[in-house]
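S.K.: only geometry, no sequence info:
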């Protein structure tokens, strides 16, 4: 991870990763991209918006794209350790799809011990992934212990070249439907998805496309990193737990600085309203996955009038019990 710079992410590398993801035994699908005007979603802006439905991905999240390429680039039969989100565990769920791969896998997720892990963690366990729940502040301590004492290989959940290249396949699918988008809006946690999508679009020749990342106000590590011009961390707190890592990734930061127009912020109330609005229109989207939509409907993205816009709904792993906590 640290040995790579943004220069290592070339168009040839992304094209190769796209084929790896497309043919992966994990069953990654080319998710639908539909015009906003063909839904019942409200929109006060006169523009042509398409919605990329990554919430319909096989594991309910874009994360499986990066996992597919990440494992394809590693020796089979290895022992691996990673860390996944403290609540929805989408990266850990992607690991679960790797159950047919040989080798020991261990995932760390916080906080813990109680409350009990949500469904994605149970799925990971049932697929043979050993899960250890720890507080966010202790994640790297557990990872380092596994690396040093159990001779495991650490696979980062967002700061990894192969992972980012896998996520870039989503950006390439976007260009298959809309070859020259004016604006693309993507959620941002550690920055792996945003970096991959932005690199795919820019390296494919869309120099004029404006790409925006969206973060929660309480978990804005990339936003602060842009201000301080280096990757920073913070005590991240948000209902969108998948967008609340303790620090921005080094490689994602470098790529986002190069290819992303800017980072915009939304608050938890806007996220809750977005989840409810999407659900009323028949789209089941988790808080983290609704960030790009929330930014658009709350006019956080500038100059959309008359533009061709892509909004990525990045995940749909939310249970019925969670949905009751959102306004009708």
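M.R.: Sure, I can see it. Keep in mind that what you see is a predicted model, and the values were worked out from it rather than measured. Residues are numbered from 1 along each chain as shown.

S.K.: can you give me the helices in the stretch 101-250 of the chain?
M.R.: Here the stretch 101-250 of the chain has its helices, by DSSP state H, counting those that start in this stretch, at 119-126, 139-149, 161-177, 192-203, 221-228, 250-259.

S.K.: Provide the contact partners of the last one at residue level.
M.R.: Residues lying outside helix 250-259 but in contact with it, judged by C-beta atoms under 8 Å, 6 or more residues apart in numbering, are 1-2, 4-6, 9, 158-161, 164, 188, 190-192, 194-196, 198-199, 201-202, 211, 213, 222, 225-226, 229-231, 263. C-beta: built from backbone N, CA, C; applies to glycine.

S.K.: Mind checking the pLDDT average for that helix?
M.R.: Across helix 250-259, pLDDT averages out at 96.

S.K.: Quick one, grab the pLDDT at the residue nearest to the spatial centre of the chain.
M.R.: Among the residues of the chain, the one closest to the centroid is residue 193, at 4.6 Å (C-alpha atoms, centre = their mean). At residue 193, the model reports a pLDDT of 97.

S.K.: Then residue 156?
M.R.: 84.

S.K.: ok, now residue 107?
M.R.: Here the pLDDT value assigned to residue 107 is 50.

S.K.: Please apply the same query to residue 83.
M.R.: Residue 83 is given a pLDDT of 72.

S.K.: part of a strand, is it?
M.R.: Yes - according to DSSP: H, G, I helix; E, B strand; the rest coil, the state of residue 83 is that of a strand.

S.K.: Show me what it is bridged to.
M.R.: Counting by DSSP bridges, residue 83 forms beta bridges with residue 108.

S.K.: Roughly how far does it sit from residue 207?
M.R.: In this view, residue 83 and residue 207 are 35 Å apart by C-beta to C-beta, to the nearest Å.

S.K.: so where's the protein uncertain?
M.R.: Within the chain, the ranges that satisfy pLDDT under 70 run 1-7, 84-129, 136-137, 328.

S.K.: what sits against residue 141?
M.R.: Contacts of residue 141 (C-beta under 8 Å, 6+ apart): residue 134.

S.K.: any idea how far it is from residue 132?
M.R.: Counting by C-beta to C-beta, the separation of residue 141 from residue 132 is 11 Å.

S.K.: cool, and residue 281?
M.R.: For residue 281, the distance to residue 132 - C-beta to C-beta - is 38 Å.

S.K.: same deal with residue 167?
M.R.: Counting by C-beta to C-beta, the gap from residue 167 to residue 132 is 25 Å.

S.K.: Report the separation between the residue nearest to the centre of the chain and residue 326.
M.R.: 23 Å.

S.K.: quick revisit: filter the contacts of helix 250-259 down to just the buried residues.
M.R.: 1, 4, 6, 9, 158-161, 164, 188, 190-192, 194-196, 198-199, 201-202, 211, 213, 222, 225-226, 231, 263 (16 or more other C-beta atoms under 10 Å).

S.K.: Most remote residue from the middle of the protein, which is it?
M.R.: Going by C-alpha atoms, centre = their mean, the residue of the chain most distant from its centre is residue 149, 30.1 Å out.

S.K.: Enumerate every residue touching that one.
M.R.: Counted by C-beta under 8 Å, 6+ apart, residue 149 has zero contacts.

S.K.: For residue 135, see how far away it is.
M.R.: For residue 149 relative to residue 135 (C-beta to C-beta), the value is 20 Å.

S.K.: Residue 167 and residue 132: who's more crowded?
M.R.: Set side by side, residue 167 and residue 132 show more neighbours around residue 167, with 33 against 18, by other C-beta atoms under 10 Å.

S.K.: Excluding chain neighbours, give the residue nearest to that one in space.
M.R.: residue 196 (3.3 Å; C-beta to C-beta, 6 or more residues apart in numbering).

S.K.: correct me, but that neighbour touches residue 172?
M.R.: No - counting by C-beta atoms under 8 Å, residue 196 does not reach residue 172; the two are 9.6 Å apart.

S.K.: okay, now the domains of the protein?
M.R.: Per automatic domain parsing, the structural domains of the chain span 6-61+160-323, 75-154.

S.K.: Minimum distance to residue 69: which of those domains has it?
M.R.: Closest approach to residue 69 among these is made by domain 6-61+160-323 (3.1 Å; C-beta to C-beta).

S.K.: what's the distance between the closest one and the middle of its chain?
M.R.: 7 Å (C-alpha atoms, centre = their mean, to the nearest Å).

S.K.: all strands of the stretch 1-150 of the chain, in order?
M.R.: Secondary structure of the stretch 1-150 of the chain (DSSP state E, counting those that start in this stretch): strands at 33-35, 48-53, 80-84, 105-109, 130-133.

S.K.: Which of these sits closest to residue 294?
M.R.: Using C-beta to C-beta as the measure, strand 48-53 is the one of the strands of the stretch 1-150 of the chain that comes nearest residue 294, at 13.0 Å.

S.K.: If I take the closest one and helix 161-177, what angle do their directions form?
M.R.: Interaxial angle, strand 48-53 versus helix 161-177 (axes from the mean of the first three to the mean of the last three C-alpha atoms, to 10 degrees): 140 degrees.
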